[in-house]
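# Okay, sequence plus prediction incoming.
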2 protein chains.
Amino acid sequence: MERSSSLVEVARRAKVSISTVSRTINQTGKISQETQEHVRRVMRELGYKPNRVARRLRAGGKCHLLGLIIPNIQNPFFADLARGVEDVAFRNNYAVLLCNYDEDADKERFYLDVMQQESVDGIILPPIHEQDPAVWRVVRSGMPVVCVDRSLADASIDRVEIDNRRGAFDAVNHLIQRGHRRIGVISGPADSSTGRERLAGCRQAQEQAGLALTADLIRYGDYKQESGRSLAADLLALPEPPTALFVSNNLMTIGAIEAIHALRLRIPEQVALVGFDDLPLAAVFNPPLTVVRQPAYDAGRSAAELLFQRLETPARPPTSLVLLPELIVRRSS
Amino acid sequence: MERSSSLVEVARRAKVSISTVSRTINQTGKISQETQEHVRRVMRELGYKPNRVARRLRAGGKCHLLGLIIPNIQNPFFADLARGVEDVAFRNNYAVLLCNYDEDADKERFYLDVMQQESVDGIILPPIHEQDPAVWRVVRSGMPVVCVDRSLADASIDRVEIDNRRGAFDAVNHLIQRGHRRIGVISGPADSSTGRERLAGCRQAQEQAGLALTADLIRYGDYKQESGRSLAADLLALPEPPTALFVSNNLMTIGAIEAIHALRLRIPEQVALVGFDDLPLAAVFNPPLTVVRQPAYDAGRSAAELLFQRLETPARPPTSLVLLPELIVRRSS
DNA sequence: TTGTACGCGTTATCAC
DNA sequence: GTGATAACGCGTACAA
């Protein structure tokens, strides 16, 4: 492989020392105007690009690389989030090392190791759960970490959350306003913070309306399509079936629609439906889907901005940001 | 930041030289069993992890990092593809540096530079177009490159393609079988290989049926939702509008549906619709969408496997793989 | 079988 | 202002 020219090469061609070249690049120290211009010209001629790897090895800081570890890139929510992170990074001339841990603790640990070994400037991630020892280890090592979407059970670290309770509250409250009294809930895993918070939002809305959210109307899924399908089928087969369904994430919502179609039920006349997370086709669906839209892109953007702020001012107090989801009322409810 | 211990640290604690430690890690050279075990124990105690950055700086090879540059992570097709790449990489203990170039040549160039400066082991990407000078430069520099989905106008490099012509042919042929004579085509960019091939497939199907694909029924989009919407609106406003639409990718298909709904046209009675690429909601859509499903995950997987084969045997002749798409007939056609 | 010393491309700390 | 030089952590040729 044709070796890309190094600092030494440039220095030789420009007949100056490597320190002069380095200082020209980094604007550090005093260099005369003419020398600078001369060096710059030579760099251009040689098509010189500083070697990021060497830079990182030396410094540790300012490596212009940032790590993002997400549960599942195939979930549109995380794709949007990743995009938000990436756009901010690109604007700052940073690249993003993006990894996918597939809700698997081992994979998460592997990628956390990789990030540290790559000495990235900082890491953004939704921890797999609230006391994630692997993440804690990284935090303690001094690596800047920003939690997004999910978080650690400790306020001392930067975080961007979405108000899950509020989103679920709005959704269920909306269904109640429309006159529904028996509302089936397909929740996320009981041990995930998002799952718990969304369920709490449902409860709150029901209690406020003087309704009881009885256990027989709650089902716990795993945020995947198939569980949405089977649990919805389950609820709709009840002796006294719910007249409305609230589903806690996008993939399970798709599953719920499958189940509803299989029973040849009409939306919203026979079953009203509100899902958490927007979907690419939701707005043109028939009927258009009422959803709680999470500001995924903004969450990613904010997380990246928080990280850059911390890199700039390492001593600043931890910031906690809460973004509001938005109930988009369309026609399925 | 608490410095993660280095080779020197391990060597000191184990009372051996750094080469012994290095050789123990890399299984290179002869080390006595007992020394190895001793060293390993010390490494575990210290929680030692080799520094990937230093490793890359040294060798250039075996850096266990692989670059993936894709047009748009928010497109489910590329998300699936990325997932395929990542799974194979993970199995080989490789991390993936994933970047998003947003169909923007400048961004693509930026990320290609990053990849080289990071000295990744190899790069997987769909080039932005067939004579992509930035990609060519990288290839000439000796960096292993695998093209996936799209390719360069030269057979001398590894590639994984999907039979776009065949997919488009099947789709349009299907519409013709259903009796359609005026079929509107929303193509991809004219300078992308996928765009051209899919268009060629349309042409072939029409010619075989003795139909003329007149220019007024073809529109060229940019694979994004908004272009699908405006171009579909455009076609449907024709004095003699098409009775069926073939749309060349998923995001533009969503846009086309928007346009169809805006005109209050019924699918498939008033406009039949076939899209390229499957979508999460397509199967439960009303009516369920007829699509050409591309094996995106497999394409990513194959590309990564090809790359690993090349890393193992740099001199092997370039391989070209063609994967078959599948027409899934549902109810929109 | 094991140890020593050098170089990878940078940046930072000296000295001039 | 500018130049020489020591790290950064690792792999490896060469010496022992």
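Everything's here; your move.
# Closest residue of the stretch 51-200 of chain A to chain B?
A:Gly142 (3.3 Å; CB to the nearest CB). C-beta here means a position set from N, CA and C on the backbone, and glycine is covered the same way.
# so how many other residues sit close to that residue?
A:Gly142 is flanked by 11 other residues according to other CB atoms under 10 Å in any protein chain shown.
# need the strands for chain A, in chain order.
Taking DSSP state E as the test, the strands found in chain A are A:65-70, A:95-100, A:123-125, A:145-148, A:159-162, A:183-187, A:218-220, A:244-247, A:272-276, A:290-293, A:320-323, A:326-328.
# Can you lay out these as JSON lines showing distance to B:Tyr101?
Shown next, in JSON lines, are the strands of chain A (distance: least, CB to CB, whole Å):
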{"stretch": "strand A:65-70", "distance to B:Tyr101": "16"}
{"stretch": "strand A:95-100", "distance to B:Tyr101": "12"}
{"stretch": "strand A:123-125", "distance to B:Tyr101": "20"}
{"stretch": "strand A:145-148", "distance to B:Tyr101": "23"}
{"stretch": "strand A:159-162", "distance to B:Tyr101": "25"}
{"stretch": "strand A:183-187", "distance to B:Tyr101": "37"}
{"stretch": "strand A:218-220", "distance to B:Tyr101": "40"}
{"stretch": "strand A:244-247", "distance to B:Tyr101": "34"}
{"stretch": "strand A:272-276", "distance to B:Tyr101": "31"}
{"stretch": "strand A:290-293", "distance to B:Tyr101": "26"}
{"stretch": "strand A:320-323", "distance to B:Tyr101": "27"}
{"stretch": "strand A:326-328", "distance to B:Tyr101": "30"}
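# least reliable of those strands going by mean pLDDT?
Per-segment mean pLDDT for the strands of chain A reaches its minimum on strand A:95-100, at a mean of 91.
# CA atoms only: put that strand into CSV for me.
Output in CSV follows, covering the C-alpha atoms of strand A:95-100 (Å, rounded to 0.1, in the frame of the first residue of the first chain):
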residue,chain,number,x,y,z
ALA,A,95,-16.4,10.4,13.0
VAL,A,96,-18.6,8.0,14.9
LEU,A,97,-17.7,4.5,15.8
LEU,A,98,-21.2,2.9,15.7
CYS,A,99,-21.9,-0.5,17.3
ASN,A,100,-24.9,-2.6,17.7
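# Direction-wise, compare it with strand A:65-70 and give the angle.
Angle between the axes of strand A:95-100 and strand A:65-70 is 20 degrees (criterion: axes from the mean of the first three to the mean of the last three CA atoms, to 10 degrees).
# partners of strand A:95-100 in the sheet?
strand A:65-70 (parallel) (DSSP bridges).
# can you list contacts of the strand it pairs with?
Contacts with strand A:65-70, where a contact means CB atoms under 8 Å, 6 or more residues apart in numbering or on different chains, come from A:52, A:56, A:78, A:81-82, A:85-86, A:89, A:94-101, A:108, A:111-112, A:115, A:118, A:120-126, A:304, A:307, B:118.
# And the pLDDT at the residue of the stretch 51-200 of chain A closest to chain B?
pLDDT, A:Gly142: 86.
# Same question for A:Asn26.
85.
# Then the one 3 residues further on?
According to the per-residue confidence, A:Gly29 scores 78 in pLDDT.
# okay, now it: neighbour count?
If we define neighbours as other CB under 10 Å, then A:Gly29 has 10 of them.
# From DNA strand C, how far off is it?
Separation of A:Gly29 from DNA strand C (CB to the nearest atom of the strand, to the nearest Å): 7 Å.
# try A:Asp277
For A:Asp277, the distance to DNA strand C - CB to the nearest atom of the strand - is 42 Å.
# Repeat that for A:Leu213.
Between A:Leu213 and DNA strand C the computed distance is 58 Å (CB to the nearest atom of the strand).
# how much space is there between the nearest residue to that residue once chain neighbours are set aside and A:Leu245?
In space, and not counting its chain neighbours, A:Leu213 is closest to A:Gln206: 4.4 Å by CB to CB, 6 or more residues apart in numbering or on different chains. For A:Gln206, the distance to A:Leu245 equals 14 Å [CB to CB, to the nearest Å].
# which of these two has more neighbours?
A:Leu245 (31 against 22).
# list the contacts for the more buried one?
A:183-186, A:232, A:235, A:256, A:260, A:271-274.
# how about JSON lines for those residues, with distance to DNA strand D added?
Shown next, in JSON lines, are the contacts of A:Leu245 (distance: CB to the nearest atom of the strand, whole Å):
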{"residue": "A:Ile183", "distance to DNA strand D": "56"}
{"residue": "A:Gly184", "distance to DNA strand D": "55"}
{"residue": "A:Val185", "distance to DNA strand D": "51"}
{"residue": "A:Ile186", "distance to DNA strand D": "48"}
{"residue": "A:Ala232", "distance to DNA strand D": "52"}
{"residue": "A:Leu235", "distance to DNA strand D": "55"}
{"residue": "A:Ala256", "distance to DNA strand D": "50"}
{"residue": "A:Ile260", "distance to DNA strand D": "56"}
{"residue": "A:Val271", "distance to DNA strand D": "59"}
{"residue": "A:Ala272", "distance to DNA strand D": "59"}
{"residue": "A:Leu273", "distance to DNA strand D": "54"}
{"residue": "A:Val274", "distance to DNA strand D": "52"}
